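In: Sequence first, predicted model second:
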Amino acid sequence: MPQSKKKPMLKKAAAPAKKVAPKKSAAPASKAAPKKEEVKIPAKKQFQLVRGMKDVLPRDQWYWKAMYDKSQQLAIDYGFDRIETPVLEEAALFMRSVGKQSDIVEKEMYVFEDRDQEKVALRPEATASVVRAYLQHGMWNQPQPVKLWYWGPMFRHERPQSGRQRQFTQVGFEIIGDASPVIDAQIIQMAYLFYTELKIPVNVQINSIGMPEDRTRYKMELVQFYRSHRGEICETCKVRLMKNPMRVLDCKEPQCQPIKTAAPQIVDYLSNESRDHFMKVLEYLDELNVPYFLDHTLVRGLDYYTKTVFEIVTTDGEQGSQTALCGGGRYDLLVEEMGGKPVPACGTAPGLERALIQLRERQIDVPGAPAPQVYVAQLGDLSRRKAMLLFTRLRAEGILADQDFCKNSLKSQLESANGKKIPFAMVIGQKEVQEGTVIIRDMDSGVQETVDFNKAPQILKRKLGLDSAAV
RNA sequence: GUGGCCAUAGUGAAAUGGUUAUCACGCAGGUUUGUGGUACCUGCAGUACGGGUUCGAUCCCCGUUGGCCACCCCA
């Protein structure tokens, strides 16, 4: 018997298909216009999330709100305007900006043809979209720099882990139209404040990768240096040397560490201009009391970065897993590369799922749901009507009341009130309806008082210390 | 993308190649539809999916799906 319990619903769904036709020849007969691939729906299927996707459940909503509020506050304080760009863009946009060779585009991007055979992509990041919008809407005609912030889902097809999903959320701050190191410093400060003001301890790691010319000279030196140590380095590094030399600096193989430390550093190959810029950024950060660690091995995976690059990482190195909470940097060439005039820019993008993990693990308090001040209980249909009316009046008075008018037993209603630690309960039964009264019960002491129905809200206010006369 | 570990009610755990898969929390209801916190009773809910081995699989094997870890990379 018990087994049959789940089936009815499923049966219903399957029923039409069942008897419709002898079916063998049914398929060819249909018009077969755009030739759809069949989506098979197994009869007993338990639907699960698509890999790498996540539900945001009620228990996390207040964390999300705290992060959103913090982002918005920073945006307002620093004079950013909100922008929202679509999740879907022309695939070529990211190939151009993020880089065709980059891992993000090459092996992680969701690219597909839509029904018009248009090549589209789910955005793997949003800087490219923001720059696209800057150009498309002629924002260079506005006072420069243009400061924009966004919040939304990004998509990368990677192997999921904790703190790494295929759909994840980023908030971003972009400043387009100014080359000054002040901008870099402010962007970094904002990212830093985002975490520290949420009580998440973090470290800022910073480096400058200069302009392409600087890098070309550096890469030659680096390759030459590594060649002279060819015997000592790991296999992957040998490959990296050919494909993308600067990646050797990311290597975690123990055998490569000594070579890495001894390797030439990019800072020594910067042009005077790049070097001055970097020094200025550091000076501003000193002045702003934003602590940072210079990390000459920090190179980032997006092709568009120039000069300043930085990452914000967790301070607890518990597991090596997903310590990078936020990345960012300057991208002075991107706007031009995307078809605009040469316009310098700089930005950052905190990853919110990773911040969320920190908030949870550190059990950081964030503002939660406002607590109900009174619970309205009723017995029977007649009193339920009065109780509903009372609830409405309480609400009009600005008192947050809780209730379960769908419940019948007083016991379970008080149980519910107790469970939520609500300080007062109001009880209406037959007798009270008759008398035009309502019982106010102090849930802590159990002391009860019968008061006039119409005066109940005011009396409760007094008990709650909200008496307007007292103000 | 590569490699490894894993999958039992909503949650956290336990158990077994053979009757009805156990416990706690949770949720619903009850202990004379008028009183919560403690107590007691009842109920709800599960072996991810598909295949194989077997007389018999939740347990062993394979595949799928999903999670986790490391790498790659990144947020």
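Out: Good, I have the coordinates. Just so it is clear, the structure is predicted and the values come from calculations on it, not from any experiment.
In: Tell me, how many residues neighbour the residue of chain A found nearest RNA strand B?
Out: Here the residue of chain A nearest RNA strand B is A:G301; by CB to the nearest atom of the strand that distance is 0.8 Å. Any C-beta I mention is one placed from the backbone N, CA and C, and that applies to glycine too. Applying other CB atoms under 10 Å, we find 15 other residues in the vicinity of A:G301.
In: Surely it touches A:I104?
Out: Yes - A:G301 lies in contact with A:I104 (CB atoms under 8 Å); the separation is 6.3 Å.
In: Just the residues contacting stretch A:453-460, thanks.
Out: With CB atoms under 8 Å, 6 or more residues apart in numbering as the test, stretch A:453-460 has contacts from A:373-374, A:386, A:390, A:393-394, A:397, A:399, A:424, A:426, A:428, A:432, A:436-438, A:440, A:451, A:467.
In: ok now that stretch, how far from the chain's centre?
Out: Its chain's average C-alpha position is 44 Å from that of stretch A:453-460, according to CA atoms, centre = their mean, to the nearest Å.
In: now check it, is it near RNA strand B?
Out: No - on the criterion CB under 7 Å from any atom of the strand, stretch A:453-460 is out of touch with RNA strand B, staying 12.9 Å away.
In: Enumerate the positions of that stretch that are buried.
Out: Neighbour-count burial for stretch A:453-460 flags A:453, A:456-460 (criterion: 16 or more other CB atoms under 10 Å).
In: Just those residues: which are in helices?
Out: Among the buried residues of stretch A:453-460, DSSP state H puts A:456-460 in helices.
In: Quick check: A:W64 is in a helix.
Out: Yes - the assignment for A:W64, made by DSSP: H, G, I helix; E, B strand; the rest coil, places it in a helix.
In: where does the closest residue to it other than its chain neighbours land in three-state SS?
Out: Computed as CB to CB, 6 or more residues apart in numbering, the closest residue to A:W64 that is not its neighbour in sequence is A:V56, at 6.4 Å. Look at A:V56: counting by three-state DSSP, its state is coil.
In: For A:V56, grab the count of nearby residues.
Out: Using other CB under 10 Å, the number of residues around A:V56 comes to 12.
In: Quick check: the gap between it and A:Q458.
Out: Distance of A:V56 to A:Q458, computed by CB to CB, to the nearest Å: 40 Å.
In: ditto for A:R115
Out: Distance, A:R115 to A:Q458, by CB to CB: 62 Å.
In: rewinding a little: could I get the ones in helices among the buried residues of stretch A:453-460 as TSV with pLDDT?
Out: Shown next, in TSV, are those (pLDDT from 0 to 100):
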residue	pLDDT
A:A456	96
A:P457	96
A:Q458	95
A:I459	95
A:L460	96
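In: how about a markdown table for those residues, with distance to A:A179 added?
Out: Output for these, formatted as a markdown table (distance: CB to CB, whole Å):
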| residue | distance to A:A179 |
| --- | --- |
| A:A456 | 66 |
| A:P457 | 61 |
| A:Q458 | 63 |
| A:I459 | 66 |
| A:L460 | 61 |
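In: tell me the pLDDT at A:Q46?
Out: A:Q46 carries a pLDDT value of 69.
In: Next: A:Q61.
Out: For A:Q61, the predicted pLDDT is 93.
In: for it, phi and psi?
Out: Backbone torsions of A:Q61, given as degrees, to the nearest 10, read phi -60, psi -40.
In: can you count the residues close to it?
Out: A:Q61 has 12 neighbours, counted by other CB under 10 Å.
In: so how far is A:V50 from it?
Out: 22 Å.
In: again, but for A:G172
Out: Distance from A:G172 to A:V50, counting by CB to CB: 25 Å.
In: partners of the residue lying closest to A:D81 once chain neighbours are set aside in the sheet?
Out: Nearest residue to A:D81, sequence neighbours excluded (CB to CB, 6+ apart): A:L148, at 5.8 Å. As for beta bridges, A:L148 partners with A:D81, A:E174 under DSSP bridges.
In: show me what contacts A:L148?
Out: So A:L148 contacts A:80-83, A:130, A:133-134, A:173-174, A:176 (CB under 8 Å, 6+ apart).
In: Quick check: which ranges of chain A have low pLDDT?
Out: Residues of chain A that meet the criterion pLDDT under 70 lie in A:1-46, A:317-321, A:467-471.
In: Repeat the analysis, applying 50 as the threshold.
Out: Chain A contains residues with pLDDT under 50 at A:1-37, A:319-320, A:470-471.
In: how's it carved up into domains?
Out: Per automatic domain parsing, the structural domains of chain A span A:58-211+A:271-361, A:374-470.
In: Do me a favour and get the end-to-end distance for stretch A:116-124?
Out: Using CA to CA, to the nearest Å, one end of stretch A:116-124 lies 22 Å from the other.
In: element containing the closest residue to A:G328 other than its chain neighbours?
Out: Nearest residue to A:G328 in three dimensions, chain neighbours excluded: A:T348, at 2.9 Å (CB to CB, 6+ apart). Assigned by DSSP states H and E, A:T348 falls within strand A:345-350.
In: Could you list the paired strands of that strand along with their orientation?
Out: Here, using DSSP bridges, strand A:345-350 pairs with strand A:167-176 (antiparallel), strand A:324-330 (antiparallel).
In: Make TSV out of the ones you listed and add distance to RNA strand B and mean neighbour count.
Out: Listed next are the strands paired with strand A:345-350 as TSV, based on distance: least, CB to the nearest atom of the strand, whole Å; neighbours: other CB atoms under 10 Å:
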stretch	distance to RNA strand B	mean neighbour count
strand A:167-176	3	23
strand A:324-330	3	24
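In: Dump these to a markdown table, plus distance to A:N141.
Out: A markdown table is the format used below for the strands paired with strand A:345-350 (distance: least, CB to CB, whole Å):
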| stretch | distance to A:N141 |
| --- | --- |
| strand A:167-176 | 13 |
| strand A:324-330 | 23 |
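In: hmm, back to that, which one of the buried residues of stretch A:453-460 sits closest to A:S162?
Out: A:L460 (46.2 Å; CB to CB).
In: Once you drop chain neighbours, what's closest to A:A128?
Out: Leaving aside its sequence neighbours, A:A128 sits nearest to A:S97 (CB to CB, 6+ apart; 3.7 Å).
In: Relative to A:N289, how far out is the one you found?
Out: According to CB to CB, A:S97 and A:N289 sit 34 Å apart.
In: So for those two, which sits in the more crowded spot?
Out: Neighbours were counted for A:S97 and for A:N289 using other CB under 10 Å; A:S97 has more, 24 against 8.
In: Could you pull out the buried residues of stretch A:238-251?
Out: Buried residues in stretch A:238-251, counted by 16+ other CB under 10 Å: A:240-241, A:244-251.
In: Run through who's touching it.
Out: Counting by CB under 8 Å, 6+ apart, A:101, A:209, A:215, A:218-219, A:222-223, A:226-227, A:230, A:233-234, A:236-237, A:256-257, A:260, A:263, A:266, A:296-299 sit against stretch A:238-251.
In: Fine, thanks again, bye for now.
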